[in-house]
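Visitor: Next come a sequence and a model predicted from it.
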Amino acid sequence: MASSLIKRYSIALQRYKWFGLGGFVGILGAATVAAVAVVVFKPPAPPDEYVSEGILVQNAPLVSLTNTGLRLQQEGQGIITEDFLLADVLLEQVVQLLAQQGITVSPGDLRRITEVEIKANEDNQLQRVLIKLTWDDGEEAELILSTMFEGMIELSRITNKARLTALIEALDERIPAVESELREAESALETYDRTELPAVQAALDGSLLEGITSSQSQRRQNQVTLAGIEAQMRSLQNRLGMTPEQAYASSALSADPIIAQLRTQIYQAETQLAALAQDLRPAHPTMVDLQYSLDSYEQLLRERAREVLDGADLDTVRQRSSLDPARAQLANQLVALSTQRDTLIQQQQLLAQSDAQMRQQYASVPNIELERQRLAQQVAFKQSLFEQLQARRLDAEAADAETVSSLTVANPPATQRVESAAAAATNPLVILVGGAGLGLVVGAALIFLLDMVDSTIRTYEDLEKLFKGQDVPILGIVPSLLMPAANLPPLIKDMDSPYGDLYERLRSNLYLSGIELNEGKAPRTVLITSTGPQEGKTITAFNLGIAAARAGKRTLVIEADLRSPSQAAQLGVTVDEQAALEPLRYYGGYLSEPVKMVPGVENLFVAPSVGPQRNAAMVIDSSEMDRFIADAQVRFDFVILDAPHLSGSNDAMLWEPRTDGLVLVTRPNHTEKPILIAAMEQLEEAEEIQLLGAVINDTDGGMTATIAAGPTAEDAPPIDNGVAPPNAAPKKVPAMTPIDF
């Protein structure tokens, strides 16, 4: 990075050296005039100045019995800054003391004439403070600085004292709140212990587990008893044919004496009715009386059964009330077993509830312990904080006696006479040296500024970086071509040319880039263009064609720049002068063969340009040109189109759809950065345009030489193909000269 900047600045120095020299000479001339004026006019000497200086260092007590005192001392050293030492309150007090001694000075002047230099170690601990004061009287300067030293020391002591007082007040405000929080935490722990500690104690001494075990044992015993009772009940139910409820009703009815008497009377009445029914009619008074008596007995039986069992049918009452003593005893046993079973079931339910409660209580014991630990930790934390605050409060009270200033005088003020800056400014030698130094700075800055304003890319490293930033493949980096003689074109027609390998590498890189970008399809028709003139696209197209021809490819180079004269003469090809008058007939093959063989290079052919043409776009879009390009793509293995540069016209964009992609040629000291970036952005936005890569020419940045060529039209515009005009006069150059692209 540094070498690239140095190279760029050296190029800028060569280009703008006269501007830099002008700036240097201008500043040096002004300094010379000022020095001469000082010598001639001899201004009066300025008054003498005196500098009084002294040193303050940190002041630490020999023995510190309190942590607060030591910490305040360290913090007091940390706030020692220039603003602190020259505080307004300090300067005002110093000014008042000096006024009492007959010295008049304002706080602003006192701050202006005082210079403070603070030196600290790596831990930002104060080591020393050097203070200088400039005054026009030596004794007064020493007195002023001594007074300031006393004020600085006293200000530091007062500041430390104020910090200690603020600390004590803050502790006094904090301690009651912390004590209240401690009492609340202790109360919460005490309340929790009263409510939850019995459960924890029961779990710890085993009584809770014993209760759970006893409950489980009782439930198992009850289950066994229930099983026996249910077996007895099933046996009695089978023998009686009654449920426990029916057995209870039958037993109650059979045991009631009134029901037994009514049953007897009903039985007697029914017996008499049955006996008399054979001799008497139902309407007979005797039969009527007996029937009336029977109905009365049945009515009384139902009412009595209702009193005993809360209502029952007559048939059911008479049937249930007919138990004999043995069956009545069995019914009573069934009722007793049912009652015992219900009692055990209720007991099982109560035992299950009690067991669940004890299990839940036992399961919650860890949570209870954790909650108690949390409350105990809060109490411990509050207690620790309260004790720390109390300790700091006592420590702060004890530190009051140790609070001193953080500064002390190491070297008392000492005064010496010095030469004033105004006197040095009137020294002619100083003026000349300062002017020379300032002139160098101005000249260098002027050159740098002009280089920054210049939009031309000066080094190939900048071009390479720009292409990499835009993800454009760099197909080749070509140095300045040095030819054996100045009148030879920069072509590699000679088999022993040292630059043949460069263009062969360029051809292979173009082939590989085309395969990668075109999904495995090798490029057969390539368009060569640039962003501006004199960037070497024509020489690149010719030498690329020579390299392809020597690789065994039938190669055709088409001069597609119809706005400039043909450069085919550099290849030794004669241009048909009649073609410029009838370009469509020329490309249609009606005048002469547009494709000509290049002498001295096997497999290389060239189609010379018919330029300059005023309506080049019409020729490019013509059907004759379409047929010519299509025929060339069939006849040749590799077709190269040398198109106009992008900043001059849109002809290159008209040619591009007929090709497999384009190659962008650039050259340091010629390529404009804004134009190049705009061109690459335009090519990137156009999805149908395929940018195969870029070529960087003339990377050595050598000077250009001219190329001799045949005659052209007198009023032809400047050739826009990257080489010098063909009718330019040859320059006298050394035998080995870099060639202009």
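Guide: Ah, there it is.

Visitor: CA only for contacts and neighbour counts going forward, please
Guide: Noted.

Visitor: from the chain's centre, how far out does the longest helix seen in the chain sit?
Guide: Ranked by residue count under DSSP state H, the longest helix found in the chain is helix 138-205. Offset of helix 138-205 from its chain centre (CA atoms, centre = their mean, to the nearest Å): 41 Å.

Visitor: How about stretch 120-140?
Guide: On CA atoms, centre = their mean, the centre of stretch 120-140 falls 46 Å from that of its chain.

Visitor: measure stretch 632-640 end to end?
Guide: Separation of the first and last residues of stretch 632-640 by CA to CA, to the nearest Å is 10 Å.

Visitor: Which residues does that stretch contact?
Guide: Residues from elsewhere that reach stretch 632-640 (CA atoms under 8 Å, 6 or more residues apart in numbering): 524-528, 541, 545, 548, 553-558.

Visitor: avg pLDDT for that stretch?
Guide: If you average the pLDDT over stretch 632-640, you get 94.

Visitor: hang on, the earlier thing: go through the contacts of stretch 632-640 and flag which are in strands.
Guide: Counting by DSSP state E, the part of the contacts of stretch 632-640 found in strands is 525, 526, 527, 528, 555, 556, 557, 558.

Visitor: Pull the contacting residues for the second one.
Guide: Spelled out, it's residue 526. Residue 526 neighbours (CA under 8 Å, 6+ apart): 639, 640, 641, 659, 660, 661, 662, 663.

Visitor: I'd say the fifth one and residue 523 touch.
Guide: What that stands for is residue 660. Yes - contact criterion CA atoms under 8 Å: residue 660 and residue 523 qualify, at 5.5 Å.

Visitor: What does the pLDDT read for the closest residue to residue 691 other than its chain neighbours?
Guide: Excluding the flanking residues, the one nearest residue 691 by CA to CA, 6 or more residues apart in numbering is residue 662, at 5.2 Å. The model reports residue 662 with a pLDDT of 92.

Visitor: Around residue 662, count how many other residues there are.
Guide: 29 (other CA atoms under 10 Å).

Visitor: Name whatever forms a beta bridge with it.
Guide: residue 527, residue 691 (DSSP bridges).

Visitor: Spit out the contact partners of it.
Guide: Residue 662 neighbours (CA under 8 Å, 6+ apart): 526, 527, 528, 529, 656, 689, 690, 691, 692, 693.

Visitor: thought the third one was touching residue 653?
Guide: What that stands for is residue 528. No - with contacts defined as CA under 8 Å, residue 528 does not count as touching residue 653, sitting 11.3 Å away.

Visitor: ok, these two, which is more surrounded?
Guide: Applying other CA under 10 Å to residue 528 and residue 653 shows that residue 528 carries more neighbours, namely 25 against 17.

Visitor: Give the phi and psi angles for residue 457, as a check.
Guide: phi -80, psi 120 (degrees, to the nearest 10).

Visitor: That should have said residue 501, apologies.
Guide: Dihedral angles (degrees, to the nearest 10) for residue 501: phi -60, psi -30.

Visitor: Same question for the one 5 residues further on.
Guide: Geometry field for residue 506 lists phi and psi as phi -60, psi -40, criterion degrees, to the nearest 10.

Visitor: quick one: it and residue 113, what's the gap?
Guide: Counting by CA to CA - residue 506 and residue 113 are separated by 71 Å.

Visitor: Same drill for the two, tell me which one is more crowded.
Guide: residue 506 (24 against 12).

Visitor: With respect to residue 407, which of the ones in strands among the contacts of stretch 632-640 is nearest?
Guide: Residue 407 lies nearest to residue 528 out of the ones in strands among the contacts of stretch 632-640, by CA to CA, at 78.8 Å.

Visitor: check contacts around that closest one.
Guide: Contacts of residue 528 by CA under 8 Å, 6+ apart are 537, 538, 540, 541, 640, 641, 642, 643, 662, 663, 664, 665.

Visitor: Could you identify which of the residues you listed has the most neighbours?
Guide: residue 537 (31 neighbours).

Visitor: Please tell me how far that one sits from residue 500.
Guide: Distance from residue 537 to residue 500, by CA to CA: 17 Å.

Visitor: now swap in residue 464 and tell me
Guide: From residue 464 to residue 500 the distance is 22 Å (CA to CA).

Visitor: out of these two, which sits in the more crowded spot?
Guide: The residue with more neighbours, out of residue 464 and residue 500, is residue 500; 20 against 17, by other CA under 10 Å.

Visitor: Tell me the one among the contacts of residue 528 nearest to residue 615.
Guide: residue 643 (15.3 Å).

Visitor: Quick check: the closest one touching residue 527?
Guide: Yes - with contact defined as CA under 8 Å, residue 643 counts as touching residue 527 (6.6 Å).

Visitor: joint contacts of those two?
Guide: Common neighbours of residue 643 and residue 527 (CA under 8 Å, 6+ apart) are 652, 655.

Visitor: Show the low-confidence segments of the stretch 201-350 of the chain, by residue range.
Guide: Scanning the stretch 201-350 of the chain for pLDDT under 70 picks out 201-209, 251-256, 260, 301, 306-324.

Visitor: swap the cut-off to 50 and go again
Guide: 312-314 (pLDDT under 50).

Visitor: Show the contacting residues for residue 699.
Guide: Contacts of residue 699 (CA under 8 Å, 6+ apart): 459, 460, 477, 478, 479, 480, 667, 668.

Visitor: Cool, thanks, signing off.
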